[in-house]
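In: Sequence and predicted model, in that order:
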Amino acid sequence: MQWSPTLTLNYYYRFHSTQPASNAKQDLSNDSSVRSHLELAKLIKKDMKEKENKEISKSDKKTFAENMKTIGRILKLGKPDWKLFLLAIAFILCAVLYPTAAVKLVGAVLDAFNNQSKDADGDLVVWGHKLTTVFAFMVPFMCLSAVCFWARIWVLKVLGERLVARLRAQVMKSLLRHDARFYDNDKNKVGDLISRLSSDAYVVSKSITGNLPDGLKNLLFGIISSYMMYSINPMLFLVMLCISPPITFGSVWYGEKIRKLSTKLQNATAGLTKVSEETLNSVRLVKAFTGEQKELEKYSARLRKVVGVAKQEALAQSNYAVSIYTLYHVGYLSCIAIGVYLMMKGTMTAGDVVAFSMYSEFFNSALYSLTTTYLELMKGAGAGIKLFDLMDYKSDVPPIQGAKTRHLPNEIEFRNVTFAYPTRPTDFVFNDCSFSIKSSTSTCIVAPSGAGKSTVASLLLRSYNIQSGEILIGGRNIDQIQVRDLRRHIIGIVQQEPVLLSGTILENIVYGLTSQQIRHLTMQDVIAVCKQANCHDFIESFPEKYDTIIGPRGASLSGGQKQRIAIARALIKHPHILILDEATSALDSKSEALINETLRSLTSQGKMTIVSIAHRLSTISKSEFVVVLGKNGKVVEHGRFVELFSNPNSELSKLLDESANRQDEDAVDEDEAEEIEQANYHAHELERQQRQSGELSHLREMIDSLPHELRSQLIEEITEDTAEKVERLDSTLDKDLKR
Ligand SMILES: Nc1ncnc2c1ncn2[C@@H]1O[C@H](COP(=O)(O)OP(=O)(O)OP(=O)(O)O)[C@@H](O)[C@H]1O
């Protein structure tokens, strides 16, 4: 089926019509055009996104109790700072008292002025004191309030940063403890996790340290101004109370809508971070495949989404603000109107009306802010739930459970192991698989691509739990050994694509050692290991030698140099078992031979069992034993390399023949191509020669057909030079034909 815009429309229509989505997907999947399959990929991603959104909206519907529980958990994180928190509250109290007293003073001064209450010196008397005395008290009070205001902001900022640091540290700690299953999950992409650690932690901290004290301040404002209004005029206060609830309920209802939109915005921003993170991490690949435009389009699509949600949020926020503003001023104006009416009736003084209206403003704004506080708290709780979800994940492989073990005999046994990756639970990589590896030997795992060689390494490191069977090291089931000890003291690994961390070469080499081990280590020890790994010479050739900074992920080193440092990093741990997963694939034959010599001497001294994973015959042949895995998840052959290799019917020979044939086929293809090229050249030359000789004979025929005299005359006229030219042409033709 050819792809066409009509087809796209068709599928679009189907997706938005009653036709089941699975049918459209099926059609696309059966289609042979690449565009259909790319379209299918888009639909699959869309499905995944929808699923994710459903989960988000489910988590949005957390109950009030759950949210409160989360807030309690967040507050617990701030426990070490409770004294600082109390201090902040004291500052808030002090900062609140001054403005409420100032309002009272305004009313009192107005009334004193209206009533002309003066003392014998003719000075205005307020609250039984001269106005100057009252001001002499109010000015330092105001200064103290300003200091408290400043201190409140400072203390809360510090509190917030400490809380967010504690939260981030705890999340990071849990993330580092999670097993491979967690990271295999598509939900836990690195970009998402980074976004959780940065923005969600910030939202939590802001909602607790910013909102909780603000809420407290507004609560105090609300209580004090209610009391003041009640004391000025209880009836007017009751009227106020009738107007205020709509503000409260309106705020809560609309605020909830805004909260949902801002969660949506947070998620859209997280998506943007994810895309940019992936693109920038693979920037070399993007450039090599000129994928800049594609990446920019992906990023722009995400940006458009963010702007779209931000627009919705902006609209909701302006609607919210204008409704609150209207309600708020309706309350305020009604209060003034009733106050003036009461003043005219003589039941209230002008000072009381002014003070009451100012208190009502405090009251309303406190009520409004309290609803915002509530919503922000809920937002913080939402972000907190996501962070606590990350922290609460239960690893299948807890790092510190099991017996502490530092020394074990080096033999390995896979006993009836059945295993499928958690993300593909029905696709069994091993099915009742058994083999054993003798102590202090070197064994190579050989298998067709995708048959599970690297999975053997993952299972030995206990990155995953197996479904059934046992994996034994030195006769002990590895699920009874503490994972941390297993990885720290028993197994050393050099991975297919060794990852180095930013820092110096030395830091990378000693990365796997504990601080105690480093304390007893000398530079001579490091150099000895680096010589074994054949990396000492090139490290010494750098100006900063072992203190050379190697850039992020070892960017300033070649693939082979990285591999050798990774080998040194594994060897320096003196592991009982060394796993080499295509560990020497980037090395030249000289370096590989040197390293193999080191490994041979380590195994012959009985210090180490080596399990290597390789494709190349040169690497496989260095191992004493070979385990051949089949595609059926079982071992198809196991034995000494020499014996299996010398037997042409062995599975190993067949596997190696297959790959050799593949190489031969490639070579045959190259020969064929050369032959075709040569044949084309000959054909072309022949054609040219025929054309030339054809033209010549035609000329001869023309000359022969001329009358005798004319022919002689023409021949005379043709100079010797021309004859020579013809001769030369003839001889060239002869040469060409001979060639
Ligand atoms: N994290 C994972 N989640 C799900 N499936 C996985 C995961 N890692 C590997 N697989 C699948 O498990 C199977 C075995 O993979 P493995 O990497 O062990 O093969 P391999 O023999 O080392 O292959 P190669 O020689 O190509 O490196 C493959 O089908 C692979 O797609």
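Out: Sure thing, it's come through.
In: which other helices and strands contact whichever strand or helix holds residue 65?
Out: Using DSSP states H and E, residue 65 maps to helix 64-77. Secondary-structure packing of helix 64-77 (3 or more Cβ pairs under 8 Å, 6 or more residues apart in numbering; DSSP states H and E): helix 131-177, helix 350-392. Bear in mind the C-beta positions are built from the backbone N, C-alpha and C, glycine included.
In: show me where the chain has strands.
Out: Taking DSSP state E as the test, the strands found in the chain are 125-126, 129-130, 412-420, 428-437, 442-446, 468-473, 476-477, 491-494, 577-581, 609-613, 625-629, 635-640.
In: want to throw the ones you listed into a markdown table with mean neighbour count, mean pLDDT and distance to residue 652?
Out: Listed next are the strands of the chain as a markdown table, based on neighbours: other Cβ atoms under 10 Å; pLDDT from 0 to 100; distance: least, Cβ to Cβ, whole Å:
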| stretch | mean neighbour count | mean pLDDT | distance to residue 652 |
| --- | --- | --- | --- |
| strand 125-126 | 20 | 86 | 104 |
| strand 129-130 | 14 | 86 | 105 |
| strand 412-420 | 19 | 93 | 18 |
| strand 428-437 | 19 | 92 | 14 |
| strand 442-446 | 25 | 91 | 6 |
| strand 468-473 | 18 | 92 | 23 |
| strand 476-477 | 15 | 90 | 29 |
| strand 491-494 | 24 | 91 | 23 |
| strand 577-581 | 24 | 91 | 18 |
| strand 609-613 | 25 | 91 | 14 |
| strand 625-629 | 24 | 92 | 5 |
| strand 635-640 | 17 | 90 | 6 |
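In: Out of those strands, flag the one nearest residue 527.
Out: Among the strands of the chain, the nearest to residue 527 by Cβ to Cβ is strand 491-494 (18.6 Å).
In: count of neighbours near residue 404?
Out: Neighbours of residue 404 under the rule other Cβ atoms under 10 Å: 10.
In: meant to ask about residue 351
Out: Residue 351 sits with 22 neighbouring residues when counted by other Cβ under 10 Å.
In: ok, now the one 4 residues further on?
Out: The burial count assigned to residue 355 is 26, neighbours taken as other Cβ under 10 Å.
In: How about the contacts made by the residue most central in space within the chain?
Out: Centroid-nearest residue in the chain, with Cα atoms, centre = their mean: residue 190, separated by 1.7 Å. Applying Cβ atoms under 8 Å, 6 or more residues apart in numbering to residue 190 gives the contacts residue 277.
In: Residue 119 now?
Out: By Cβ under 8 Å, 6+ apart, the residues touching residue 119 are 125, 130.
In: What backbone torsions are found at it?
Out: Main-chain torsions, residue 119, degrees, to the nearest 10: phi -90, psi -170.
In: Could you report the pLDDT at it?
Out: With respect to pLDDT, residue 119 scores 81.
In: just the one 3 residues further on next, same as before
Out: If you check residue 122, the pLDDT there is 79.
In: Can you tell me the closest non-neighbouring residue to the residue in the stretch 1-150 of the chain that the ligand sits nearest to?
Out: The ligand sits closest to residue 48 of the stretch 1-150 of the chain, with a gap of 16.2 Å, by Cβ to the nearest ligand atom. Using Cβ to Cβ, 6 or more residues apart in numbering and skipping the chain neighbours, the partner closest in space to residue 48 is residue 186 (7.0 Å).
In: Give me the distance between that neighbour and the ligand.
Out: Going from residue 186 to the ligand by Cβ to the nearest ligand atom, to the nearest Å gives 11 Å.
In: now swap in residue 638 and tell me
Out: For residue 638, the distance to the ligand - Cβ to the nearest ligand atom - is 16 Å.
In: Might you report the residue contacts of that residue?
Out: 435, 625-628.
In: Let's see that with 7 Å instead.
Out: By Cβ atoms under 7 Å, 6 or more residues apart in numbering, residue 638 lies in contact with 435, 627.
In: same check, this time on residue 578
Out: Residue 578 touches 492, 570, 608, 610, counting by Cβ under 7 Å, 6+ apart.
In: JSON lines for the residues you listed, including distance to the ligand?
Out: Formatted as JSON lines, the contacts of residue 578 follow (distance: Cβ to the nearest ligand atom, whole Å):
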{"residue": "492", "distance to the ligand": "19"}
{"residue": "570", "distance to the ligand": "18"}
{"residue": "608", "distance to the ligand": "22"}
{"residue": "610", "distance to the ligand": "17"}
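In: what would those look like in CSV with distance to residue 550?
Out: Shown next, in CSV, are those (distance: Cβ to Cβ, whole Å):
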residue, distance to residue 550
492, 20
570, 17
608, 27
610, 26
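In: ok, of these, which one's closest to residue 292?
Out: Relative to residue 292, and with distances defined as Cβ to Cβ, the nearest of the contacts of residue 578 is residue 570, at 37.8 Å.
In: picking up where we left off before, and the direction of the helix holding residue 65 versus that of helix 350-392, what angle?
Out: 80 degrees (axes from the mean of the first three to the mean of the last three Cα atoms, to 10 degrees).
In: ok, residue 225 touching residue 359?
Out: Yes: counting by Cβ atoms under 7 Å, residue 359 is a contact partner of residue 225 at 4.2 Å.
In: Can you give me the neighbour number for the nearest residue to residue 385 once chain neighbours are set aside?
Out: Spatial nearest neighbour of residue 385, chain neighbours left out: residue 70 (5.3 Å); criterion: Cβ to Cβ, 6+ apart. Residue 70 has 23 neighbouring residues, counting by other Cβ under 10 Å.
In: check contacts around residue 70.
Out: Residue 70 makes contact with 381, 384-385, 388 under the criterion Cβ under 7 Å, 6+ apart.
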